[in-house]
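> turn this into a model:
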Amino acid sequence: MTNSRKYFQQGQLFDDYADLNVSLYVASNDDIEELCKVINWAYVGKPSKSELGELKFDWVNEKYLMQKARITLEELRELIEDEEHCIVLIAKLKTLTGLQIVGCTKIVPYDQSLQIGDDEKQDLAVEFGLNAVDPDYQSQGIGTLLYNGAIRITKEYFNAQRVYSHIISSKRNQIEWCFRQGFIETGRFIPYPRKERLYSNVDPDTVKFSVLTKRLK
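This next block holds a predicted model:
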């Protein structure tokens, strides 16, 4: 890691000019409880304020697959405290009562054993994951703000030249969004890593991640 690591400290205001109402921060332990709720709302549903018993979903929804939460408090704490290898970038909305977490993304070094081909192997790479936006704040550009912030971290903190993203192959909306950001499909797939979280009637062999990549300019 380079000296630029000192620039990205936990709890630091990362970018306050990206949007008038939303600022980006590096997540800290103080954010864990609120952030954990937002992530799980995005992946397994958020109770609707207007329709009793109804759930609202982010487009990363995995409720049809998972019988458990997407992430636990302890798992999230481990990510945030691993400052050398992981940065969790969060979006906070300015409200009348203070700042409210409305989204996040995770940037970690990519497993070099998964880089296939000389054009990929020559690059230092990271992976974007844990992408989530509060379902109440969908389609407001928050995901794009987080993506742009993650690209900056990729370049300035990790000094990486390539980005990977693993997306469940059936989620064409997410894959097509990545295409619009310049990602391409590698044609490779990896199995779902947390099979114990799947519903018993879901065949784990049918759930796989499509491996997408983008080389940065």
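
> helix, strand, or coil at Lys155?
Three-state assignment for Lys155 (DSSP: H, G, I helix; E, B strand; the rest coil): helix.

> and it, how many neighbours does it have?
A count of neighbours around Lys155, defined by other C-beta atoms under 10 Å, yields 16. Every C-beta, even on glycine, is put in place using the N, C-alpha and C of the backbone.

> any idea how far it lies from Phe8?
Look at Lys155 and Phe8: by C-beta to C-beta, to the nearest Å, they are 12 Å apart.

> same thing with Ser28?
Distance from Ser28 to Phe8, by C-beta to C-beta: 11 Å.

> equivalent analysis for Lys217, please.
22 Å.

> now swap in Ile101 and tell me
18 Å.

> ok, which stretches of this structure are helices?
Under the criterion DSSP state H, the chain contains helices at 32-44, 73-81, 118-121, 142-156, 172-180.

> just put the ones you listed in TSV and tack on mean pLDDT and distance to Leu13.
Converted to TSV, the helices of the chain look like this (pLDDT from 0 to 100; distance: least, C-beta to C-beta, whole Å):
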stretch	mean pLDDT	distance to Leu13
helix 32-44	93	16
helix 73-81	96	16
helix 118-121	91	34
helix 142-156	94	11
helix 172-180	93	27
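
> and these: which comes nearest Pro135?
Minimum separation from Pro135 across the helices of the chain (C-beta to C-beta) falls at helix 32-44, 5.9 Å.

> helices and strands of the chain: which one has the lowest mean pLDDT?
The weakest-scoring helix or strand in the chain, judged by mean pLDDT, DSSP states H and E, is strand 55-56 (a mean of 46).

> which one's more surrounded, Lys217 and Phe8?
Using other C-beta under 10 Å, the more surrounded residue of Lys217 and Phe8 is Phe8, with 17 against 6.

> residues contacting the more buried one?
Phe14, Val26, Ile87, Ile153, Tyr157 (C-beta atoms under 8 Å, 6 or more residues apart in numbering).

> wait, Ile80 sits on Val88?
Yes: using C-beta atoms under 8 Å, Ile80 is in contact with Val88, at 5.6 Å.
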